[in-house]
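Visitor: Turn this into a structure:
(2 chains)
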2 protein chains.
Amino acid sequence: MTENVYIGSKPVINYVTALVTALQREPKVHVMARGRAISSAVDVVEVCRRSFLKDLQIEDILIGTEQMGDGDDLRNVSTIQIVLNKNA
Amino acid sequence: MTENVYIGSKPVINYVTALVTALQREPKVHVMARGRAISSAVDVVEVCRRSFLKDLQIEDILIGTEQMGDGDDLRNVSTIQIVLNKNA
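Guide: Numbers count the residues shown, from 1 in each chain, chains lettered A, B, ... in the order given. Modelled structure (predicted):
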């Protein structure tokens, strides 16, 4: 099973806590973010690796584009998906 | 040979132009960014792939941490390196 942790605009430490908790339940966790939160997603993973789970492996990093909104408000938003594995 | 394109706080389109130009000189280009510019780096690569070079391959994405400043101002900054290959 895989769990997803979605990164938003709250302080990085909130998501670090969520990620550490998720990794206690499942060995494999996807960290997902869009737009400006992409930088925070990298911060969350780096803080987690440096301070909490030093043997955490980055299995894959995927980037992409999603269309958001509709009609006149349609716009492209970049995405990131960081696949983490505790047991790799 | 490999060329590096460093992403900063200018408009994304400036770096897209720099990236397209770099890929005309070398098949392999590294897109590098730190901190808040990480989101822009993903934007630059995605715009380049969607609008200019549709067959551009992402060979690797690496994330890390760098220490910046010194003394009392020492802080950790997240980094990203997106390795692009035109010929892969």
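
Visitor: which bits of chain A sit near chain B?
Guide: Applying CB under 8 Å from any CB of the partner chain, we find that chain A lies next to chain B at A:35-39, A:42-43, A:45-46, A:50, A:58, A:61-65, A:76, A:78-80, A:82. To be clear about C-beta, it is placed using only N, CA and C from the backbone, and glycine gets the same treatment.

Visitor: switch the cut-off to 10 Å
Guide: A:12, A:33-47, A:49-51, A:58, A:60-65, A:76-80, A:82 (CB under 10 Å from any CB of the partner chain).

Visitor: And those, which of them are buried?
Guide: Buried members of the residues of chain A next to chain B, scored by 16 or more other CB atoms under 10 Å in any protein chain shown, are A:12, A:33-47, A:49, A:58, A:61, A:63, A:65, A:76-80, A:82.

Visitor: quick check: longest helix of chain A.
Guide: Criterion DSSP state H: the longest helix present in chain A is helix A:12-25.

Visitor: same for that helix, what does it pack against?
Guide: Packing partners of helix A:12-25 (3 or more CB pairs under 10 Å, 6 or more residues apart in numbering or on different chains; DSSP states H and E): strand A:2-6, strand A:28-34, helix A:37-47, strand A:75-85.

Visitor: Export the ones you listed as TSV, with columns for mean pLDDT.
Guide: Listed next are those as TSV, based on pLDDT from 0 to 100:
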stretch	mean pLDDT
strand A:2-6	94
strand A:28-34	97
helix A:37-47	98
strand A:75-85	97
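
Visitor: TSV please, covering these and showing distance to B:Val29.
Guide: Below are those laid out as TSV (distance: least, CB to CB, whole Å):
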stretch	distance to B:Val29
strand A:2-6	30
strand A:28-34	24
helix A:37-47	20
strand A:75-85	18
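
Visitor: tell me the contacts of A:Gly71?
Guide: By CB atoms under 10 Å, 6 or more residues apart in numbering or on different chains, no residues touch A:Gly71.

Visitor: Please report phi then psi for it.
Guide: phi 60, psi -130 (degrees, to the nearest 10).

Visitor: do A:Glu26 as well
Guide: According to degrees, to the nearest 10, A:Glu26 has phi -130, psi 140.

Visitor: Near the nearest residue to it once chain neighbours are set aside, how many other residues are there?
Guide: Take A:Glu26 and drop its neighbours on the chain: the residue closest to it by CB to CB, 6 or more residues apart in numbering or on different chains is A:Glu3, 4.6 Å away. Neighbour count for A:Glu3, taken as other CB atoms under 10 Å in any protein chain shown: 17.

Visitor: need the contact list for A:Glu3.
Guide: A:Glu3 neighbours (CB under 10 Å, 6+ apart): A:18-19, A:21-23, A:25-31, A:84.
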